[in-house]
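> This is a predicted model, with the sequence first.
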Amino acid sequence: MPPALSILDLASIAPGQTARDSFDNSVALAQAAERSGYHRVWYAEHHNMHSIASSATSVLIGHVAAHTETIRLGAGGIMLPNHSPLVIAEQFGTLETLFPGRIDLGLGRAPGSDQKTMLALRRNPASADSFPQDVLELQGYLTGRSRVSGVQAIPRAEGVVPLYILGSSLFGAQLAAHLGLPYAFASHFAPDALHQAIAVYRDSFRPSEQLAEPYAMAGVNVFAAENHGEAAAQKTIAYRARARAMVTRGAGNADFTDAEIDAFLASPNGHHLASMTRYTAVGTPTEVSAYLDDFVAATSVDELILAHHATNIDDRVRSVELTGGTIGASAPIR
């Protein structure tokens, strides 16, 4: 069966644009995904990043849901140690009540920020240690079987808010397998453990009330255009901007020339940054399709989470449309 095809929207704020522009772009991207037959669009929780506008993730999900009709929307993911499980259950119970049958909740344990921001979030550095227990507490609130005596999440939606475990290491794979939940690997920026994590997840999976058999997802970056040269140029522009943002952490001197950025990425110090986007499909729809087919053959994932990175929103929407027809998206929604 062909893999499901979905999108991770980073809600990026392009140079010269505002957060409001980013939100408008997220609506346009989700509407394009809906037209093109994608299963879902996810948004990730990031903090203190000048180029990403999805910090209030549940609010953005609600905004986009109000401007779409059928596509599933969700968090990919909520960094649960930043929050009380009860508060997240209330937020996603509200979303599912307002938009029944359309809301997903992916969960991660990273801070989604730097150390100073983590402290500003009132997060204890050891809070990630309780992530498995927090997932179970959250699951109890969402299902009406609270693990905290006398406490319920209100509103609790009549429908199911499915949980997903996100990760870039073996920890997430093992936890998702133990809990019997779908697992999404962040190979779009942390590719090294992809194959091992998927294998561990499938080998260790234990069926649950939510899921009878393993369901694995993985991220791939995409630049699709009418011709290869155009797609390659979009990739160059986007990845230079990404390198600038990461080198400067969104502040300080960002006036590096293109040649300086290219030289850095080619240097030993820049190699790790460049290698983070190892899994990137670039080119025409036929070329992108071939790349994604090979990726699926190598990983046997059930769903692809595609991050379209073209800086210009029209190019990004077109990439979504061109890629949408490349793989038959007939896999079941989990």
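All right, it came through fine.

> Only C-alpha atoms from now on, for both contacts and neighbour counts.
Will do.

> can you pull out the strands in the stretch 151-300 of the chain?
Secondary structure of the stretch 151-300 of the chain (DSSP state E, counting those that start in this stretch): strands at 163-167, 183-185, 216-224, 280-283.

> By residue count, tell me the biggest helix in the protein.
helix 228-248 (DSSP state H).

> any idea of the mean pLDDT for that helix?
For helix 228-248, mean pLDDT rounds to 90.

> what's the answer for stretch 79-90, then?
Here the average pLDDT along stretch 79-90 is 96.

> After the worst-scoring helix or strand of the chain on mean pLDDT, which helix or strand is next?
The weakest-scoring helix or strand in the chain, judged by mean pLDDT, DSSP states H and E, is helix 115-120 (a mean of 84). As assigned by DSSP states H and E, the chain's next helix or strand after helix 115-120 is helix 131-143.

> So for that next one, what gets flagged as buried?
Using 16 or more other Cα atoms under 10 Å as the test for burial, helix 131-143 gives 131, 134, 135, 137, 138, 139, 140, 141, 142, 143.

> Kindly spell out which helices and strands sit in contact with it.
If you count contacts as 3 or more Cα pairs under 8 Å, 6 or more residues apart in numbering; DSSP states H and E, helix 131-143 packs onto helix 85-98.

> For the helix it packs on, what is the distance to the chain centroid?
Taking Cα atoms, centre = their mean, to the nearest Å, the mean C-alpha location of helix 85-98 is offset from the chain mean by 19 Å.

> Quick check: mean pLDDT of the next helix or strand after it?
Counting by DSSP H and E, the element after helix 85-98 in chain order, helix or strand, is strand 103-108. For strand 103-108, mean pLDDT is 98.

> Residue 92: how many residues sit nearby?
By other Cα atoms under 10 Å, 25 other residues sit near residue 92.

> next one: the one 10 residues further on
Summarising burial for residue 102: neighbours were counted as other Cα under 10 Å, giving 22.

> That one contacts residue 66, doesn't it?
No: if you go by Cα atoms under 8 Å, residue 102 and residue 66 don't touch, sitting 11.2 Å apart.
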